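> What shape does this take:
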Amino acid sequence: MADCKPAEVEHLERRVRRRRGPKDVIVSKLSRGFSCSTARLKRTLTGFFPVVTWLPKYRLKEYAWGDAMSGLIVGIILVPQAIAYCLLAGLEPIYGLYTSFFANIIYFLMGTSRHVSVGIFSLMSLMVGQVVDREVYLAGFDLGEEGKPAAASMDGMWNGTGVSNAPAVNLTLGGYSLECGKECYAISIAAALTFLAGVYQVLMAVFRLGFVSVYLSAPMLDGFATGASLTILTVQAKYLLGIKIPRHQGYGTVVVTWINIFKNIDKTNFCDMITSAICISFLVAGKELQERYKSRLKVPLPIELVVVAVATLVSHFADLAGRYSSSISGAIPTGFIPPKVPSFQLMPRVALDAIPLAIISFAFTISLSEMFAKKHGYSVRANQEMMAIGFCNIIPSFFHCFTTSAALAKTMVKDSTGCQTQVSSLVSAFVVLLVLLIFAPFFYSLQKCVLASIIIVSLRGALRKFRDVPQQWRINNVDAIVWTVTMSASALISVEIGLLVGVVFSMLCVVARTQNPKVALLGQIRDTSHYEDLGEYDNLLELPKVKIVCFQAPLYYANKDFFLKSLYKAVGLEPFLEVAKRRKAKKQAKDQATKQTKSSDSTNGNMAVVLVSRDPDFHTIVLDCSSMPFVDTPGMLTLKMVMKDYKEVGVRVLLACCNPPVIDALKRGSVFGPGHKDIDSLTFHSVHGAVLFAHDSEEAVCEMAV
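So this is what the prediction gives:
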C-alpha cells in the first residue's frame with residue numbers, strides 16, 4: 001500500500017460561471033434571429049438551399065457520367081415501384097408517379113446528402129393506405145373493387161362519376177365546393193395527411209427537435225420494419241391470388257386478413273395466381289443472380305422493369321382481363337392534375353395519424369443520410385435533413401402526392417452505380433416525367449398481381465431479419481427482445497401501435513437496466529493504485545478495514561431502494577439494524593446490571609460494556625461514483641441518509657470520482673455541512689486517494705465511533 005502511494009491531489013477550485021437570466025437569453029436570441037445583413041441573408045439562403053453551395057462547384061467531367069447512370073437506373077426502378085406502392089396506399093397509380101417526381105426535385109434543392117434517394121417508400125405507403133382506407137370506409141364508400149370500371153377519366157375521379165353507384169361527399173378543395181367521389185376523397189385524405197406530416201417535420205426542425213430520433217433504437221426500427229413488412233405481405237396476398245376482399249379496418253390486420261383469405265380461397269383467380277408465381281420466381285432469381293455477380297455487373301439489372309414490360313405485353317395481347325377476369329391497373333392518364341390546396345376540413349381527422357408518419361419518415365431519412373455520409377467522408381446536417389424531408393411532403397401535397405421518405409434499396413442502387421451528387425435525382429425525376437407525359441397509358445393492361453409480386457420481393461431484406469434473431473440473442477438478448485416485441489406488435493396489432501409499443505418498451509428496457517444495475521465490491525490490483533471488481537477478477541487485494549463499492553448507474557428515484565439494499569448486502573452491515581441491536585443489547589446489559597446490583601453489592605460492571613461493544617470489522621466505505629452521471633433529489637437524500645446512518649455506527653462514507661453535476665446536487669442538499677466545510681474530507685478525485693485518506697485517519701474514525 002505504502003509503496004504505491006502517490007502524491008495526494010489537492011482540492012480543486014470550481015470555476016465560477018455566470019448564468020444568464022431568461023430575459024438575457026431571449027433578448028440575445030431575438031436579436032440574432034431578427035438581425036439582417038447581406039452576410040446573414042447569404043448564410044440563410046445557402047443553409048436553406050444547399051444546392052446553391054455545391055452546384056456551382058460541380059465537376060462536370062468527373063461527376064456527370066456517374067450521376068447520369070445512377071439517376072437513369074434509379075428512375076427505371078422507380079417507375080414500377082411507384083405504380084406498385086399505390087396498391088399499399090389505396091390510391092391510383094398516377095399519384096405514385098407524382099410523388100416520386102416532386103420529391104426528387106425538392107430534395108435536390110434542399111437535401112444535404114449526396115446519395116440518399118427520396119421518394120415513394122413501402123412502409124410510408126402502407127401507413128398512408130391504412131389511414132386512407134379507414135377514412136374512405138367511414139365516409140361511406142365501398143372498399144371493394146367490384147363496381148369499379150377498368151378505365152376512369154381524370155374528371156370522373158374528381159367528380160364522383162368514376163365509380164358506378166358510388167356515393168359522393170361534399171369537400172372544399174382550393175376554395176371550391178365539389179362533389180368528391182371515392183378516388184378524389186382518397187387522395188384528399190392522403191394529401192391532408194402528407195401536408196400535416198411535413199408541417200410537423202418542419203416544426204421539429206425549427207424547434208431543434210431532431211433528438212426525438214435517438215429514441216428510435218436500431219433493434220426497434222428493424223423490428224418495426226419487419227413487422228410492417230409482414231403486414232405489407234399480408235395486404236398484398238389477395239392480389240397474388242386474385243381474391244377480392246376489402247382491407248381490414250382496425251387492429252389485427254394480419255390475422256383477420258389471412259382468415260378472410262382462407263375463407264375465400266375457393267374464389268382464387270388461377271390466372272393471377274400463376275402470373276404471380278412466375279413473376280416472383282423470375283424476380284427472386286434475378287435478384288439472387290444480381291447479388292451473386294454484382295462485382296462483375298457495372299450497373300444493376302432493371303429486373304422490375306423487364307417483368308412489368310413483359311407482363312404488360314402478355315396481359316394485353318392475351319386479353320387476360322377479358323378472358324380470365326384478371327385485375328389490371330387500368331388507365332393511367334398523362335399530364336398533371338391542377339394543383340389544389342390540401343383540405344383543411346380533413347386535417348383534424350388525420351392530425352394524430354401524421355405524427356408517426358413524420359417521425360418514421362425523418363428517422364429513416366437521417367439514418368440513411370448519416371450512414372452514406374460516413375461511408376463517403378462528408379457530413380450532413382440533421383436539422384436541414386428534417387427541413388428538406390418536411391418540404392418534400394408539404395409542397396407535393398398541393399400536387400396530389402402522399403408521404404415520402406428515403407428508401408434504402410434505391411439509395412444503395414444509387415451508391416453502387418456511381419452516384420456523386422443529387423444531380424442524379426434530377427435525372428430520376430426526368431425519367432418519371434417521361435412516363436407521366438408519354439408512357440403512362442402503356443401500363444393499362446398491367447395486372448395488379450404483378451405489382452404485388454414486385455412489392456413482396458422488395459421485402460426480402462426486411463424478412464431476412466428473422467435469420468439474424470439467434471445471432472442477435474447471442475450478442476445482446478435485450479436487443480433481441482426489443483426486436484421481437486416491436487415486430488410482434490407491429491404485425492399482430494397495427495403498425496402505429498407497434499411503433500408506440502417499440503418506443504415505450506425499448507425505453508422501459510433502459511429504465512430497467514438503470515433500476516437494477518450491477519453493484520460491485522472492489523479490490524486493489526496488487527502494487528498499483530487501480531481497483532477492479534472482486535467478483536470478476538482473481539488475485540485482487542481486499543483491503544482491511546475499508547469497503548470499496550461501485551454503483552454502476554445514476555442514482556435517482558427509481559433505483560434508490562435498490563442502491564440501499566445492494567450497498568447493505570455488499571458491505572454486510574445494515575446501519576439501522578446495527579443501531580437497533582446495540583440499543584437492545586445495551587438495554588439487556590443495563591437490566592442485567594440492575595438485577596445483579598440488587599442481588600449483590602459486588603456487581604461486575606464490565607459485563608455490560610462487553611455486551612454492548614460490537615464494532616464492525618471496517619471503519620470506512622468508499623463509494624466509487626465514476627459510473628454515476630447524475631443524482632436527483634431522492635438520490636441525494638438517500639446518499640445523505642447513508643452517510644448519516646453509517647456515521648452512527650462508527651463508519652465513515654467517502655465519495656470518490658464524483659463528477660461536477662453530482663457534487664453540485666450534493667451541495668444543494670447540504671450534504672457537506674454548513675458552508676460545505678466537509679467537502680475536502682468527504683470527496684476525492686480518485687478511489688485510491690479516498691483509500692489513503694481512510695487509512696491515515698483510522699485512529700480518528702475509531703475515536704469518533706466510540
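> which helix in this structure runs the most residues?
Longest helix of the chain, by residue count under DSSP state H: helix 60-89.
> Give the other helices and strands that it contacts.
helix 93-110, helix 122-138, helix 218-241, helix 303-318, helix 408-416, helix 423-434, helix 448-457 (3 or more CB pairs under 8 Å, 6 or more residues apart in numbering; DSSP states H and E). The way it works is simple: take the backbone N, C-alpha and C, and place the C-beta from them, glycine included.
> Would you mind saying which of those lies nearest residue 333?
Residue 333 lies closest to helix 93-110 among the helices and strands packed on helix 60-89, at 6.2 Å (CB to CB).
> Name the residues that touch the helix or strand following the closest one?
Proceeding N to C from helix 93-110, the next assigned helix or strand is strand 118-119, under DSSP states H and E. With contacts defined as CB atoms under 8 Å, 6 or more residues apart in numbering, strand 118-119 is touched by 78, 82, 99-100, 103-104, 107, 111, 365, 388-389, 392, 404-407, 410, 425, 428.
> and what of stretch 255-273?
So stretch 255-273 is contacted by 234-235, 237-245, 247-248, 320, 324-327, 447-449, 492 (CB under 8 Å, 6+ apart).
> what separates residue 99 from residue 566, distance-wise?
Counting by CB to CB, to the nearest Å, the gap from residue 99 to residue 566 is 55 Å.
> same deal with residue 525?
23 Å.
> same thing with residue 132?
53 Å.
> Which one's more surrounded, those two?
residue 132 (26 against 19; other CB atoms under 10 Å).
> wait, isn't the more buried one in contact with residue 188?
No: using CB atoms under 8 Å, residue 132 makes no contact with residue 188, being 9.5 Å away.
> who touches both of these two?
Joint contacts of residue 132 and residue 188 (CB under 8 Å, 6+ apart) do not exist.
> could you pull out the strands for the chain?
118-119, 169-173, 176-180, 405-406, 519-525, 531-533, 540-541, 545-551, 618-624, 652-656, 683-684 (DSSP state E).
> Sheet partners, orientation included, of the fourth one?
The one in question is strand 405-406. Paired neighbours of strand 405-406 in the sheet (DSSP bridges): strand 118-119 (antiparallel).
> Then the fifth one?
Strand 519-525 has its sheet partners listed here by DSSP bridges as strand 531-533 (antiparallel), strand 540-541 (antiparallel), strand 545-551 (antiparallel).
> Just the mean pLDDT for it, thanks.
Averaged across strand 519-525, the pLDDT comes to 90.
> cool, the third one as well?
If you average the pLDDT over strand 176-180, you get 54.
> what does the fourth one give?
Averaging pLDDT along strand 405-406 gives 90.
> residue contacts, residue 658?
Counted by CB under 8 Å, 6+ apart, residue 658 has contacts 625, 628, 666, 683.
> With adjacent residues omitted, what lies nearest to residue 368?
Excluding its sequence neighbours, the residue lying closest to residue 368 (CB to CB, 6 or more residues apart in numbering) is residue 406, at 4.5 Å.
> can you check residue 86 too?
With CB to CB, 6+ apart as the criterion, residue 86 has its nearest non-adjacent residue at 4.2 Å, and that residue is residue 96.
> If you tally nearby residues, what's the number for the one you found?
29.
> now residue 22
When neighbours are counted by other CB under 10 Å, residue 22 registers 7.
> Return the per-residue confidence for it.
On the pLDDT scale, residue 22 gets 70.
> what is the mean pLDDT for stretch 586-602?
Average pLDDT, stretch 586-602: 71.
> residues of that stretch that come out buried?
Buried residues in stretch 586-602, counted by 16 or more other CB atoms under 10 Å: 589, 593, 596.
> Let's see which of those end up in helices.
Here DSSP H is the test, and those give 589, 593, 596 as lying in helices.
> can those residues go into CSV with extra columns for distance to residue 341?
Shown next, in CSV, are these (distance: CB to CB, whole Å):
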residue, distance to residue 341
589, 90
593, 95
596, 100
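> out of these, who's nearest residue 549?
So of those, ranked by how close each gets to residue 549 (CB to CB), first place is residue 589, at 32.6 Å.
> what about the residue nearest to residue 556 when sequence neighbours are not counted, neighbour count?
With sequence-adjacent residues excluded and distances taken as CB to CB, 6+ apart, residue 556 is closest to residue 632, at 4.4 Å. Using other CB under 10 Å, residue 632 has 15 neighbouring residues.
> Contacts only, for residue 632.
Residue 632 sits next to 554-557, 665 when contact means CB under 8 Å, 6+ apart.
> what does residue 558 give?
Residue 558 makes contacts with 511, 514-515, as judged by CB under 8 Å, 6+ apart.
> In ChimeraX, how would I select just the buried ones from these?
Remark: buried members of the contacts of residue 558, expressed as a ChimeraX selection using 16+ other CB under 10 Å:
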select :514,515
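> now the stretch 101-250 of the chain, which segments are flagged as low pLDDT?
143-180, 210-211, 213 (pLDDT under 70).
> rerun at 80
When residues are selected by pLDDT under 80, those of the stretch 101-250 of the chain lie in 142-181, 208-216, 247-250.
> Residues touching stretch 634-649, excluding its own?
554-557, 560, 563-564, 567, 573, 575-576, 578-579, 582, 616, 621, 623, 631, 652-653, 655, 665-666, 668-671, 682, 704-705.
> One more pass at 6 Å, please.
The contact list for stretch 634-649 (CB atoms under 6 Å, 6 or more residues apart in numbering) reads 555-557, 560, 575-576, 578-579, 653, 665-666, 669, 671.
> Going by neighbour count, list what's buried in it.
Using 16+ other CB under 10 Å as the test for burial, stretch 634-649 gives 635-636, 638-639, 642-643, 645-646, 649.
> With distance to residue 500 added, can I get these in TSV?
Formatted as TSV, these follow (distance: CB to CB, whole Å):
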residue	distance to residue 500
635	30
636	34
638	33
639	36
642	39
643	42
645	43
646	45
649	49
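> Just the closest of those residues to residue 51, please.
Among the buried residues of stretch 634-649, and counting by CB to CB, the member closest to residue 51 is residue 635, at 50.3 Å.
> Now do the same for that closest one: its pLDDT.
The model reports residue 635 with a pLDDT of 90.
> Please name the nearest non-neighbouring residue to it.
Closest residue to residue 635 apart from its sequence neighbours, by CB to CB, 6+ apart: residue 555 at 3.6 Å.
> Any figure for the gap between the one you found and residue 679?
Distance, residue 555 to residue 679, by CB to CB: 18 Å.
> more neighbours, those two?
Ranked by neighbour count (other CB under 10 Å), residue 555 and residue 679 place residue 555 first, with 26 against 16.
> so what's the more buried one up against?
Counted by CB under 6 Å, 6+ apart, residue 555 has contacts 563, 628, 631, 635.
> what's the closest of these to residue 369?
residue 628 (35.1 Å).
> Give me the pLDDT for that closest one.
With respect to pLDDT, residue 628 has a value of 91.
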